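S.K.: No letters, just coordinates:
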């Protein structure tokens, strides 16, 4: 979600995430908690547009290492779609680029 006031909020998760056996989040097993974190990311903060890039200034995040840092994405519009792309990053012996497609409904 992008607001007109300049804030972004992102929450993404895998489909069909397993539920904890306990109904209390603090009583999940270590394995359940690891699976929950491995299948979810969220962050929010201010954003700004610079040319063909959007910069998310991260204030709150599930992954503590992103707090206080920027997430930079190339962007383009295609009809009702917003396509965000990461810069190429090394992963083992290959360069990988992530693409996220948001569609206005």
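M.R.: Received it, and whenever you're ready, just let me know what you need. This structure is a prediction, so every number in the text was calculated from the model and none was measured. Numbers count the residues shown, from 1 in each chain.
S.K.: Straight-line length of stretch 86-96, end to end?
M.R.: Criterion Cα to Cα, to the nearest Å; first-to-last residue distance in stretch 86-96 is 9 Å.
S.K.: Repeat that for stretch 55-70.
M.R.: With Cα to Cα as the measure, the first residue of stretch 55-70 is 6 Å from its last.
S.K.: can you pull out the strands in this structure?
M.R.: In the chain, the strands defined using DSSP state E lie at 7-13, 40-50, 53-61, 70-78, 81-85, 89-91, 94-96, 99-103.
S.K.: With mean pLDDT as extra columns, can I get these in JSON lines?
M.R.: Listed next are the strands of the chain as JSON lines, based on pLDDT from 0 to 100:
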{"stretch": "strand 7-13", "mean pLDDT": "95"}
{"stretch": "strand 40-50", "mean pLDDT": "97"}
{"stretch": "strand 53-61", "mean pLDDT": "97"}
{"stretch": "strand 70-78", "mean pLDDT": "95"}
{"stretch": "strand 81-85", "mean pLDDT": "95"}
{"stretch": "strand 89-91", "mean pLDDT": "81"}
{"stretch": "strand 94-96", "mean pLDDT": "87"}
{"stretch": "strand 99-103", "mean pLDDT": "90"}
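S.K.: can I get these in a markdown table with distance to residue 31 and mean neighbour count?
M.R.: All C-beta spots, glycine's among them, are computed from the backbone N, C-alpha and C. Written out in a markdown table, the entries for the strands of the chain read as follows (distance: least, Cβ to Cβ, whole Å; neighbours: other Cβ atoms under 10 Å):
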| stretch | distance to residue 31 | mean neighbour count |
| --- | --- | --- |
| strand 7-13 | 17 | 14 |
| strand 40-50 | 15 | 15 |
| strand 53-61 | 23 | 17 |
| strand 70-78 | 29 | 13 |
| strand 81-85 | 32 | 15 |
| strand 89-91 | 25 | 9 |
| strand 94-96 | 27 | 9 |
| strand 99-103 | 28 | 11 |
